[in-house]
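Asks: coords please:
(one chain, ligands or ions: 1)
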Amino acid sequence: MSDSLIREAAVLRDVAASDAPVYAALARAVGWPHRAEDCAMAIGLGHGLVATIAGEVVAAGMWWPYGESHATLGMIIVSPDHQGAGLGRRLMQGLLAQVKDRSVMLNATAAGQPLYEKLGFVACGGICQHHGEVLEVAAPLLAAGAALRLASVADMAELERLDRAASGLPRQALLASLLERGECAVLERGGRAVGFSVLRRFGRGLLVGPVVAENDADARILMAHWLQGRRGQFMRVDIDAGAPLAGWLTSQGLKSVSDVVTMVRRNWPTVQGALRLHAPASQALG
Ligand SMILES: CC(C)(COP(=O)(O)OP(=O)(O)OC[C@H]1O[C@@H](n2cnc3c(N)ncnc32)[C@H](O)[C@@H]1OP(=O)(O)O)[C@@H](O)C(=O)NCCC(=O)NCCS
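Replies: As a prediction, the model looks like this:
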């Protein structure tokens, strides 16, 4: 189909829960690992659009609100047969019309970055994906007074406090969804929660994220907790490009496999204090 026919025939509509399997098929077509379950989680937490031609979904994109003034945007996919015809731009314009005047952050692939630049996004950092089959990982060594324990729903308010301090955003819905699907470890020092990490199924295996911690040493403990005892399992952690933990993750079997460029439109919160997001929940959700 010619570019002009694709442009004329494509119709945009809101994404629906029932689109999860076809969204996963689009992801597979561009080499992404998302399962239908991963797409269902993303659809449940956000808003989005799909482009259809004669009823067939050929493109999709989503955004996730955090409070009234911020959002992340992602999972922008145009099927390989329909790329280069203007669908990506049309989809992005539709999503940005929905997002209105929120500040928006996204993680751009090399394929998407030129489009996002044209739409006013500015590069502000990067994320590096580490994945692979885990080697023999030692149990993390905890200093006196430190402890790791599993979180329960009773910890939700404390997790929200830590996550908000690290991300600068209210992300209760995201945390609730993560706790439903995964397991959460809390690091305590002197009986006080100082960080947490979540493990859940994602894509080809298991994903660790978000990881919220005051420093690299704590972040490493919160990652190692999930990596230990999982020799041979396929695991993924995304970290800031250039983060010191890259070498350690690589030595545990999780090699650096790809980089994306973090881009923002308008202002993204700057975080005060020591708590930081050392790994996102996912590149799309932040
Ligand atoms: C990125 C993607 C969504 C773009 O969709 P698309 O329908 O092919 O894009 P469009 O045809 O609308 O083109 C978008 C714009 O980017 C421009 N563009 C694309 N590649 C470019 C490049 N290498 N250099 C400069 N500009 C480029 C196009 O010229 C076009 O600009 P224009 O609208 O001003 O003419 C699509 O390629 C895709 O799905 N890729 C795989 C998944 C992916 O990487 N998604 C991005 C996730 S962040």
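
Asks: Find the helix or strand that the residue in the chain that the ligand sits nearest to is a member of.
Replies: Here the residue of the chain nearest the ligand is Gly88; by Cβ to the nearest ligand atom that distance is 2.2 Å. C-beta coordinates here come from the backbone N, C-alpha and C atoms, glycine included. Per DSSP states H and E, Gly88 falls inside helix 87-99.

Asks: So which elements touch that helix?
Replies: In this structure, helix 87-99 makes packing contacts with helix 3-9, strand 11-14, strand 47-53, strand 56-66, strand 70-78, helix 113-118, judged by 3 or more Cβ pairs under 8 Å, 6 or more residues apart in numbering; DSSP states H and E.

Asks: Give the buried residues for it.
Replies: Under the neighbour-count criterion of 16 or more other Cβ atoms under 10 Å, helix 87-99 has Leu87, Gly88, Arg90, Leu91, Met92, Gly94, Leu95, Leu96, Gln98, Val99 buried.

Asks: At the contact with the ligand, which residues of the stretch 51-200 of the chain appear?
Replies: Applying Cβ under 6 Å from any ligand atom, we find that the stretch 51-200 of the chain lies next to the ligand at 76-78, 83-89, 108-109, 111-112, 114-115, 118.

Asks: name the helices or strands packed onto the helix or strand Ile221 falls within?
Replies: In this structure, Ile221 sits in helix 216-227 according to DSSP H and E. Packing partners of helix 216-227 (3+ Cβ pairs under 8 Å, 6+ apart): strand 146-150, strand 183-189, strand 192-202, strand 205-213, strand 234-240, helix 245-251, strand 276-279.

Asks: can you redo those as TSV with mean pLDDT, mean neighbour count and distance to Asn267?
Replies: Shown next, in TSV, are those (pLDDT from 0 to 100; neighbours: other Cβ atoms under 10 Å; distance: least, Cβ to Cβ, whole Å):
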stretch	mean pLDDT	mean neighbour count	distance to Asn267
strand 146-150	97	13	35
strand 183-189	98	19	30
strand 192-202	98	21	26
strand 205-213	98	25	21
strand 234-240	98	23	19
helix 245-251	98	17	27
strand 276-279	98	25	17
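
Asks: Those: which one's closest to Ala17?
Replies: strand 192-202 (18.4 Å; Cβ to Cβ).

Asks: What is the closest one packed up against?
Replies: Checking 3+ Cβ pairs under 8 Å, 6+ apart, strand 192-202 ends up next to helix 156-167, helix 172-181, strand 183-189, strand 205-213, helix 216-227.

Asks: Domains in this structure, by residue range?
Replies: Domain assignment for the chain, taken from automatic domain parsing, gives 3-101, 130-279.

Asks: how close does the closest residue to Ala146 other than its chain neighbours sit to Arg220?
Replies: Leaving aside its sequence neighbours, Ala146 sits nearest to Arg189 (Cβ to Cβ, 6 or more residues apart in numbering; 5.0 Å). To Arg220, Arg189 is 15 Å away according to Cβ to Cβ, to the nearest Å.

Asks: Gly94 now?
Replies: Gly94 is 41 Å from Arg220, by Cβ to Cβ.

Asks: deepest of the helices and strands packed on helix 87-99, which one?
Replies: Counting by mean count of other Cβ atoms under 10 Å, strand 70-78 has the highest mean neighbour count of the helices and strands packed on helix 87-99, with a mean of 26.

Asks: For that one, which strands pair with it and how are they oriented?
Replies: On the basis of DSSP bridges, the sheet neighbours of strand 70-78 come out as strand 56-66 (antiparallel), strand 103-108 (parallel).
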